[in-house]
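Trainee: I would like the atomic coordinates for the input below:
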Amino acid sequence: MGKKGLIAGAVGATLVAGAAVRGAFRRFAIVEDSMAPAIEAGDWVLAKRAIGVPDRGDVITYPDPAATGRTIVKRVIGLPWERVGLESGRVTINGALLADRWAQGITEPEGEWTVPEGHVWVLGDNRVASSTDSRTIGPVPISDIQWKVVGRYWPTSRAGTIG
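Mentor: Presented below is the predicted three-dimensional model:
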């Protein structure tokens, strides 16, 4: 790497560090496999402050309603006013099959939920191992969403964006 590359890397690292100090970014250590294979136990991820209504597919964080100080990481599946259905192990949105490229395992139990205004419906990617998602706690208030996960930086062999 040349001198310009080293300078660009140092400037980029300084900008990210400055943003983190100002509270625009936060890092999280992942301790469970509910989001595997996208995010696995032992991964460290970087998140930016969440603003507004997230998009379907975004990986977000919210406080665990059952454990003070614990943060939950899940994927947004349903948006305000949508009907989320679980049938035959698959997810539907307003009756149409979701191209759920994130799912690992079947999604149970069967049922249908309407996402109220100001909320989203979330699931872990590893559906069998996921708890504290909308199947058990219901829709998550958008006002509770604190961070949007933007990438993994550790381990370096898995560094990159979260798809």
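Trainee: residue 147 against residue 46, yeah?
Mentor: No: counting by C-beta atoms under 8 Å, residue 46 is not a contact partner of residue 147; they are 9.3 Å apart. Backbone N, C-alpha and C define where each C-beta goes, glycine included.
Trainee: give me the common contacts of those two.
Mentor: residue 26 (C-beta atoms under 8 Å, 6 or more residues apart in numbering).
Trainee: isn't residue 94 up against residue 83?
Mentor: Yes: at 5.2 Å, residue 94 counts as touching residue 83 under the criterion of C-beta under 8 Å.
Trainee: quick one: low-confidence ranges for this structure?
Mentor: Filtered on pLDDT under 70, the chain yields the residue ranges 1-22.
Trainee: coming back round to it: ok, residue 94 and residue 83, which is more surrounded?
Mentor: Applying other C-beta atoms under 10 Å to residue 94 and residue 83 shows that residue 83 carries more neighbours, namely 15 against 12.
Trainee: bridging residues for the more buried one?
Mentor: Beta bridges link residue 83 to residue 114 when assigned by DSSP bridges.
Trainee: residue nearest the middle of this protein, spatially speaking?
Mentor: residue 59 (1.9 Å; C-alpha atoms, centre = their mean).
Trainee: can you pull out the helices in this protein?
Mentor: Taking DSSP state H, the helices of the chain run over residues 3-21, 134-137.
Trainee: before we move on, back to that, please name the nearest non-neighbouring residue to the residue nearest to the centre of the chain.
Mentor: In this structure, residue 59 finds its nearest non-sequential neighbour in residue 149, 4.0 Å apart by C-beta to C-beta, 6 or more residues apart in numbering.
Trainee: how close does the residue nearest to the centre of the chain get to residue 45?
Mentor: 8 Å (C-beta to C-beta, to the nearest Å).
Trainee: residue 27 now?
Mentor: 7 Å.
Trainee: these two: which is more packed in?
Mentor: residue 45 (23 against 12).
Trainee: how far away from the center of its chain is stretch 112-132?
Mentor: Its chain's average C-alpha position is 11 Å from that of stretch 112-132, according to C-alpha atoms, centre = their mean, to the nearest Å.
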